[in-house]
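Visitor: Quick one, structure for this:
(one chain, ligands or ions: 1)
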Amino acid sequence: MLTVSHVNLHYGAAQALRGVSLQAEMGNITCVLGRNGVGKSSLLRAVTGQHPVSAGTISFQGEVLNGLAPYNRAKHGIGYVPQGREIFPLLTVQENLQSGYAPLARKDKFIPDEIFTLFPVLKSMLSRRGGDLSGGQQQQLAIGRAMVTRPKILVLDEPTEGIQPSIIKDIGRAIRYLRDTTGMAILLVEQYLDFCRELADQVYIMDRGEIVHEGPAETLDTAEARRHLTV
Ligand SMILES: Nc1ncnc2c1ncn2[C@@H]1O[C@H](COP(=O)(O)OP(=O)(O)OP(=O)(O)O)[C@@H](O)[C@H]1O
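Guide: From the prediction side, this is the model:
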């Protein structure tokens, strides 16, 4: 289980996270909802080690991660699908997937077939450049690349952003499949309420750098959630 405990995060003098605590359990999809600028990406940067926290602790399966570089967090099983996907546009799909090899032992440096079962389009486009893929295909590639690292927790930053509805469905199906077949923990941040409600086991809502609600998805008060999502 991932535990975020009383975390503060600053950009210079500006505070983006204020005493944020949450848990993402193995075998569960945990969704953090919030509108633009409330600190969702900052939370994931804190979890993945892209930005240091100024207070609080982040631990995974009992081990404190504070102070570990992103590379070492990947070795601990944290897979990251960043906002905007960050595909290498001039590398092929295959090379983009292989860029996930870095934290792996030599024997594990191969692309698991499961990725192509989940996203068959990637197999048919292995020699195409990442930059030639549609937004939805790039999102699938970014998830595939994170899976290459054999994560125990998959952390996704707004996986539905800018993606057409049919591919959003495929991505939702893939996330559910990963939860059900691997038992990994999934932590995703979103603004898209319906996607989150359909998929999540546990929901948190963030507003202005703070967690303002937490609870199981089935008891989520939709009107209250919408209130936090509209500007
Ligand atoms: N590198 C940075 N330097 C300074 N301020 C930043 C930086 N990144 C984010 N912020 C600020 O921190 C706050 C939280 O931003 P964050 O990106 O975490 O929000 P978000 O909820 O993920 O929004 P979005 O969906 O737009 O990414 C915002 O006020 C933002 O302007």
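
Visitor: Report the buried residues of stretch 31-39.
Guide: Along stretch 31-39, these residues count as buried under the neighbour rule (16 or more other Cβ atoms under 10 Å): 31-34, 38-39. Where you see a C-beta, it was placed from the backbone N, CA and C, and this is true even at glycine.

Visitor: ditto for stretch 4-21
Guide: Buried-residue list, stretch 4-21, by 16+ other Cβ under 10 Å: 4, 7-9, 16-18, 20.

Visitor: Next, give me the two most distant ones among those residues.
Guide: Largest separation among the buried residues of stretch 4-21 by Cβ to Cβ: 4 and 16, giving 13.7 Å.

Visitor: ok so, going back, filter the buried residues of stretch 31-39 down to the ones close to the ligand.
Guide: By Cβ under 6 Å from any ligand atom, the members of the buried residues of stretch 31-39 lying near the ligand are 34, 38-39.

Visitor: Secondary structure element for the residue nearest the centre of the chain, which one?
Guide: Nearest to the geometric centre of the chain sits residue 156, at 1.5 Å (Cα atoms, centre = their mean). Per DSSP states H and E, residue 156 falls inside strand 153-157.

Visitor: State the mean pLDDT of the next helix or strand after that strand.
Guide: For strand 153-157, the following helix or strand on the C-terminal side (DSSP H and E) is helix 165-182. In this model, helix 165-182 carries a mean pLDDT of 92.

Visitor: any idea how far helix 165-182 is from the chain center?
Guide: How far helix 165-182 lies from its chain's middle: 13 Å, per Cα atoms, centre = their mean, to the nearest Å.

Visitor: Give me the sheet partners of the helix or strand just after that helix and which way each runs.
Guide: Once helix 165-182 ends, the next helix or strand along the chain (criterion: DSSP H and E) is strand 185-190. Strand pairing for strand 185-190, using DSSP bridges, gives strand 29-33 (parallel), strand 153-157 (parallel).

Visitor: would you turn those strands into a markdown table with mean pLDDT?
Guide: Listed next are the strands paired with strand 185-190 as a markdown table, based on pLDDT from 0 to 100:
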| stretch | mean pLDDT |
| --- | --- |
| strand 29-33 | 97 |
| strand 153-157 | 96 |
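
Visitor: wait, isn't residue 43 in contact with residue 4?
Guide: Yes: applying Cβ atoms under 8 Å as the test, residue 43 and residue 4 come out as touching, 7.3 Å apart.

Visitor: For residue 64, which non-adjacent residue is closest in space?
Guide: Spatial nearest neighbour of residue 64, chain neighbours left out: residue 57 (5.6 Å); criterion: Cβ to Cβ, 6 or more residues apart in numbering.

Visitor: correction: residue 128
Guide: In this structure, residue 128 finds its nearest non-sequential neighbour in residue 93, 5.7 Å apart by Cβ to Cβ, 6+ apart.

Visitor: likewise residue 136?
Guide: Nearest non-adjacent residue to residue 136, counting by Cβ to Cβ, 6+ apart: residue 167, 3.2 Å away.

Visitor: which residues sit in contact with that neighbour?
Guide: By Cβ atoms under 8 Å, 6 or more residues apart in numbering, the contact list for residue 167 reads 134, 136-137, 139-140.
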